[in-house]
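Novice: Okay, predicted coordinates and the sequence, questions at the end:
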Amino acid sequence: MSTVDTTSGKRSALAPFAKPLAAVGGVLAIVAALLPWVTFTLNDGNWPDKSTLQFFDAPFAVTGFRWHLLLLGVLILVAAFAPIPSRGRVVRALGWGVAVVSFINGAYITAKGGGLGAITALDGATAFGSVAGLVAGVLTILAGYGYGITPVGEWKFKPPTPVAYLVLLVSFAGVLLAVAAMLTTGGVGTSNPYAGAIFLSFLGFAGGVLGALSGVGFIRWLSVLSEEHRVFSVIVLAACALLLPFTDAGNEYWMTVAANIGIYAATAIGLNIVVGLAGLLDLGYVAFMGIGALVAANFSGAAAANFGIELPFPVAAVIAAVVAGIFGAIVGSPTLRVRGDYLAIVTLAFGEIFTRSAQNDIGGMTNGSNAIPGIPALSLFGKEFNRELSIGAVKLPAGVLYYILIVLLVAATMAVFANLKFSRIGRAWIAIREDEDAARAMGIRTGQAKILAFLIGATLAGLAGAVFAHKNATVSYESFKFLESITLLAAVILGGMGSIPGAVLGASLLFVLPEKLRDFEEFRLMIFGLALILIMRFRPQGLIPDRHRRAELADEDVGGAPVDEVHAASKEAKA
Amino acid sequence: MTTPVLEARDVSMVFGGLKALKGVTLTLEEGKIVGLIGPNGAGKTTFFNCLTGLYTPTTGQVLLKGNTLPGDPAKVTDAGVARTFQNIRLFPSMTVLENVLVGRHVRMKQGPLASLFHGPAYHRGEKAARERSRELLEFVGLRGPDDELSRNLPYGDQRRLEIARALATDPAVLLLDEPTAGMNPQETEATQQLIFRIRETGVSVVVIEHDIKFIFGLCDSVSVLVQGELLVEGSPEVVRADPRVVEAYLGKPPEEVELDIEAAKGEQA
Ligand SMILES: Nc1ncnc2c1ncn2[C@@H]1O[C@H](COP(=O)(O)OP(=O)(O)O)[C@@H](O)[C@H]1O
Ligand SMILES: [Mg+2]
């Protein structure tokens, strides 16, 4: 609670200056966008986005990170003068956006051989863009604290259905554009020497805008709206996703990456049932995906398969899902006896048993370290899924059919999750998560409900695994190790527990980030870890939290103390 | 004589070396309100936990309408015994309406397939459950927005919500553990009226309470529990006159207690 005191202390000191600080910060961010950023051309080539552009030389030719800064500056000015809820949070988030964009570009130029001279003054040339940007960011953050960090705005406004549909359509289209931009900014790995920096800078911008939208209450409102119109939302989201091949990301490379993200997103949504809804920590979840993949691989007719029979994919997929589901129920059964941390250990052990027995080919189903290679690609009407597709004049990149299949898979998983969440069993899961004894006192058979959560979660993972087997053509135990379970769990927590868009966003970030950070070579995983820590520090409830916003692994300081305290007290009394 | 709706016979509960309950017997006739009083640590909450299957009594038997109750809280609730908790135990990050809907759980027929596909049967069931839940919220006097998170409700409203959630299970017997703890006099009075109205709907009630005035004004019969033993049982008149009660629990001379009771009766009329 000490943080509360310091912020209120800061508030009293800064309050009178909030508006001037925000105004100066906003203007300075705009000025920074128009200033030059580098005094000379670096060895790897011109710093992107026209670093040599002089002050006000070509204000309409501003692109890339400078365009982002310009936009942030304008938003800061709007936030400072327009009547909006929770102004402090909005301004602070935008300030962080400005600061991060400026810092990343400035630090990167310095580190890439420019030295401090590159971002200040050298040989008569001046380039104070990043310095101005950093100052603007800091001033704006201070302004945010000056306004006071009040609770997130709550919008009671319930629009009529057509308006709601329009809002959802526009928002999801925006999400699509943002995803396409996130995938394509800076290009792929080595093709652009500055790709990593450009990408990180973009994340800073996107994070700032997302934080502002969240602070003003828009994200929460949108998530309530999308849950109210969940069928429409899932359809629109799927339709938007199907348009991705037509954007800049429509090439084979990104189709493959997006398809892999989709497989993990579907799995993460399944895990979200277990962890997010029922509150059961599962540390071995990826094993169910592995079981699904192995079953599908063995029925695929591949030369290395261990069954002589080749089944059509839909049949094999259903068997894979059922087998995984059965294992889910088996692994879930200790939940009748153990709770909390102990359950996490049981699931961890199961995951390890799976990897070890797969590695040593126990049961003769996995071929051990030889894996099951050569799994044939899926095909429909003689069209193989990994080939390119042309419909009339429109040429679509290779792998697009897999992408489409996986989008449909994710949409189906989302629908399952959403429908379950708003049903008798979904409410029972949430009740168990909140207070298991009280749930039992309400007549919920908690044992059955928990096993059902494991069963359904595992079934979804098994289904995703079956698609994975064909998509990647090889199934090896290597793909289903502890690290994968943790990454999936991180995707769920990062995105926001119990929230569907959260799981998709979490999976995208976790599987795109390492791809994007290849540029940083040995620092890749370190930066990745750092990014995770920062997100969890500043947004413990996840990026797109569920309305119920309960972070199981991080306590949240919401003003509902009486109930929680009583809970803690009663739990202590029982222990 | 008719079978009592709830009957606890000779219930004992031992925790390690501690005898929390020593052969407690309690009978609840249909349509009655029974009060359970006693000092802190007397074993009142433990008794409720034994009735509802949260604890398995060391010895003794609990019967609902002549049938032995199963030793599992979920099945006990299904059979028709609902409860509230001394330390409010709502589902804090569920909305007000969702809390009551969880109470409807045992009475809803929605299976996993209906939950998954949301066909017409799902919509009919959900609508009925929502209507019933809203009725109950109205009944207990919660008229605020039902999409508020329950953790944000004021204390008194949380207690009322817990009663609505318990009533949603369509119980024959309702067990209330200190329903007015922490309430102001107006809220306490409203709760008393609420319990009378609950009885009118055909639900029999057992109330644990510290507030003597409240109990004597409310109950048809009162049991006094001291150190796990049933000290006295009978009508409020009998109990208030018993010198052992006065000594062991009330700690006041009988005349003063009598005045309290008169006052309670007067207020009620
Ligand atoms: N689960 C338990 N384990 C051990 N002792 C318990 C437990 N529950 C209650 N007790 C003990 O039983 C006694 C009666 O407690 P309780 O039923 O809560 O009293 P009351 O509700 O009358 O104030 C107390 O001494 C308490 O410490
Ligand atoms: Mg008690």
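Specialist: Done, it's in. Ligands and ions are numbered 1, 2, ... in the order given.
Novice: give me the element the residue of the stretch 1-150 of chain B found nearest ligand 2 is part of.
Specialist: Nearest to ligand 2, among the residues of the stretch 1-150 of chain B, is B:Thr45, at 3.2 Å (C-beta to the ion). Yep, even glycine has a C-beta here, placed from its N, CA and C like the rest. Using DSSP states H and E, the element containing B:Thr45 is helix B:44-51.
Novice: With only the CA atoms kept, save stretch A:343-358 in PDB.
Specialist: Extracted in PDB, the C-alpha atoms of stretch A:343-358 (Å, rounded to 0.1, in the frame of the first residue of the first chain):
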ATOM      1  CA  LEU A 343      -1.900 -29.600  -8.000                       C
ATOM      2  CA  ALA A 344       0.700 -27.600 -10.000                       C
ATOM      3  CA  ILE A 345       3.400 -30.100  -8.900                       C
ATOM      4  CA  VAL A 346       1.200 -33.000 -10.000                       C
ATOM      5  CA  THR A 347       0.700 -31.500 -13.400                       C
ATOM      6  CA  LEU A 348       4.400 -30.600 -13.700                       C
ATOM      7  CA  ALA A 349       5.200 -34.300 -13.000                       C
ATOM      8  CA  PHE A 350       2.800 -35.500 -15.600                       C
ATOM      9  CA  GLY A 351       4.300 -33.200 -18.200                       C
ATOM     10  CA  GLU A 352       7.700 -34.500 -17.400                       C
ATOM     11  CA  ILE A 353       6.500 -38.100 -17.500                       C
ATOM     12  CA  PHE A 354       5.100 -37.500 -20.900                       C
ATOM     13  CA  THR A 355       8.300 -35.900 -22.300                       C
ATOM     14  CA  ARG A 356      10.500 -38.600 -20.800                       C
ATOM     15  CA  SER A 357       8.400 -41.500 -22.100                       C
ATOM     16  CA  ALA A 358       8.100 -39.900 -25.500                       C
END
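Novice: so how far is that stretch off the chain centroid?
Specialist: Mean-position distance between stretch A:343-358 and its chain equals 26 Å (C-alpha atoms, centre = their mean, to the nearest Å).
Novice: Check stretch A:318-328 too.
Specialist: 27 Å.
Novice: what's in contact with that stretch?
Specialist: Residues outside stretch A:318-328 that contact it (C-beta atoms under 8 Å, 6 or more residues apart in numbering or on different chains) are A:287-289, A:291-293, A:295-296, A:299, A:311, A:454-463, A:465-466.
Novice: With stretch B:49-66 instead?
Specialist: With contacts defined as C-beta under 8 Å, 6+ apart, stretch B:49-66 is touched by A:437, A:440-441, B:3, B:5-14, B:21, B:23-24, B:46, B:68-73, B:75-77, B:79-81, B:83, B:172-173, B:175.
Novice: ok, back up a step: and the helix holding B:Thr45, anywhere near ligand 1?
Specialist: Yes. Helix B:44-51 reaches ligand 1 (C-beta under 6 Å from any ligand atom) through B:Lys44, B:Thr45, B:Thr46.
Novice: from those, which is closest to A:Arg424?
Specialist: Closest approach to A:Arg424 among these (C-beta to C-beta): B:Thr45, at 29.5 Å.
Novice: Narrow the contacts of stretch B:49-66 to those that are buried.
Specialist: Buried residues within the contacts of stretch B:49-66, defined by neighbour count using 16 or more other C-beta atoms under 10 Å in any protein chain shown: A:437, A:440-441, B:5-9, B:11-13, B:21, B:24, B:46, B:69, B:72-73, B:75-77, B:79-81, B:83, B:172-173, B:175.
Novice: Now, those residues that are in strands?
Specialist: Here DSSP state E is the test, and the buried ones among the contacts of stretch B:49-66 give B:6-9, B:11-13, B:21, B:24, B:81, B:83, B:173, B:175 as lying in strands.
Novice: pretty sure A:Leu243 is touching A:Leu176, no?
Specialist: Yes. Using C-beta atoms under 8 Å, A:Leu243 makes contact with A:Leu176 at a distance of 6.4 Å.
Novice: Let me see the ranges of the helices in the stretch 201-350 of chain A.
Specialist: For the stretch 201-350 of chain A, the helices defined by DSSP state H, counting those that start in this stretch cover A:218-228, A:230-242, A:252-272, A:286-298, A:313-332, A:340-359.
Novice: In the chain, where is pLDDT below threshold?
Specialist: Going with chain A. Scanning chain A for pLDDT under 70 picks out the ranges A:1-12, A:49-59, A:186-191, A:382, A:386, A:392, A:518-521, A:524, A:547-575.
Novice: try again with chain B
Specialist: In chain B (pLDDT under 70), the answer is B:1, B:248-269.
Novice: which stretches of it form strands?
Specialist: B:6-15, B:18-28, B:33-37, B:59-64, B:67-68, B:81-83, B:173-177, B:204-208, B:221-226, B:229-234.
Novice: Give me the sheet partners of the shortest one and which way each runs.
Specialist: Same thing as strand B:67-68. Using DSSP bridges, the strands paired with strand B:67-68 in its sheet are strand B:59-64 (antiparallel).
Novice: Next: the first one.
Specialist: Applying DSSP bridges, strand B:6-15 is found paired with strand B:18-28 (antiparallel), strand B:59-64 (antiparallel).
Novice: biggest helix in chain A, by residue count?
Specialist: Assignment by DSSP state H gives helix A:446-472 as the longest helix of chain A.
Novice: List the buried residues in that helix.
Specialist: Buried-residue list, helix A:446-472, by 16+ other C-beta under 10 Å: A:446-447, A:449-472.
Novice: near ligand 1, which of the residues you listed show up?
Specialist: Of the buried residues of helix A:446-472, not one also sits near ligand 1 (C-beta under 6 Å from any ligand atom).
Novice: Count the neighbours of residue 39 for me.
Specialist: Chain wasn't specified; assuming chain A. Neighbours of A:Thr39 under the rule other C-beta atoms under 10 Å in any protein chain shown: 22.
Novice: actually it's chain B I care about, not the one you picked
Specialist: The burial count for B:Pro39: 15, using other C-beta under 10 Å.
Novice: Dihedrals phi and psi, it?
Specialist: The phi/psi pair for B:Pro39 (degrees, to the nearest 10) reads phi -70, psi 170.
Novice: Surely it touches B:Gly228?
Specialist: No. In this structure B:Pro39 lies outside contact range of B:Gly228 using C-beta under 8 Å: 11.3 Å.
Novice: Where do the strands of chain A begin and end?
Specialist: A:121-122, A:125-126, A:379-380, A:383-384, A:389-391, A:394-396.
Novice: Quick one: residues contacting the residue nearest the centre of chain A.
Specialist: By C-alpha atoms, centre = their mean, chain A has its centre lying nearest to A:Gly506, at 1.9 Å. Residues near A:Gly506 by C-beta under 8 Å, 6+ apart: A:Ala268, A:Ala490, A:Ala491, A:Val492, A:Ile493, A:Leu494, A:Gly495, A:Gly496, A:Gly542, A:Leu543.
Novice: Which residues of the stretch 401-550 of chain A lie near chain B?
Specialist: A:416, A:419-420, A:423-428, A:430-431, A:434-435, A:437-446, A:452, A:548-550 (C-beta under 8 Å from any C-beta of the partner chain).
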